[in-house]
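S.K.: Dropping a prediction and its sequence here:
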Amino acid sequence: MKIPVVLHKDADSDYGVIVPDVPGCFSAGCTVKQALCSVKEALSLHYEGLVADGDPLPQVRDIDAHLDNPEYADGVWAVVELNAMPYFGKSLTSKTTP
């Protein structure tokens, strides 16, 4: 699954990464590469938590769906690849299993 993310960097700070379609999931890193690697780990942990809690997985949209949002106006868009297949079956069955 390809997930759009937004990178931000202020002077004298690390790169921050926001995942618009996954509320509460964010990360950071000293370099762009490190920030993108960190957000992939954050996404995996976030999805594991959603599955454990029996919550639905978020619906990921294309970058185009977010371009008009002023919160992301100063950011740089990127796409990270996450193998979400292991989470889909677990998420759907976790609510029906006693």
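M.R.: Looks like it came in fine.

S.K.: in terms of contact, does Val32 touch Leu7 like I think?
M.R.: Yes. Counting by CB atoms under 8 Å, Val32 does reach Leu7; the two are 6.5 Å apart. Yep, even glycine has a C-beta here, placed from its N, CA and C like the rest.

S.K.: got any residues that touch both of the two?
M.R.: Jointly contacting Val32 and Leu7 under the rule CB atoms under 8 Å, 6 or more residues apart in numbering are 15, 78.

S.K.: Neighbour count for the two, which is higher?
M.R.: Neighbour count, other CB atoms under 10 Å: between Val32 and Leu7, Leu7 has more, with 20 against 14.

S.K.: what about that one, distance to Lys33?
M.R.: Distance of Leu7 to Lys33, computed by CB to CB, to the nearest Å: 11 Å.

S.K.: What of His8?
M.R.: Applying CB to CB, the value for His8 to Lys33 is 16 Å.

S.K.: the more surrounded of these two?
M.R.: Set His8 next to Lys33 and count neighbours by other CB under 10 Å: His8 wins out with 18 against 10.

S.K.: which SS class is that one?
M.R.: Classification of His8 by DSSP: H, G, I helix; E, B strand; the rest coil places it in strand.

S.K.: Name the nearest residue to the most centrally placed residue in the chain, sequence neighbours excluded.
M.R.: The residue lying closest to the centre of the chain (CA atoms, centre = their mean) is Val19, at 3.9 Å. The shortest distance from Val19 to any non-neighbouring residue, by CB to CB, 6 or more residues apart in numbering, is to Cys25 (4.4 Å).
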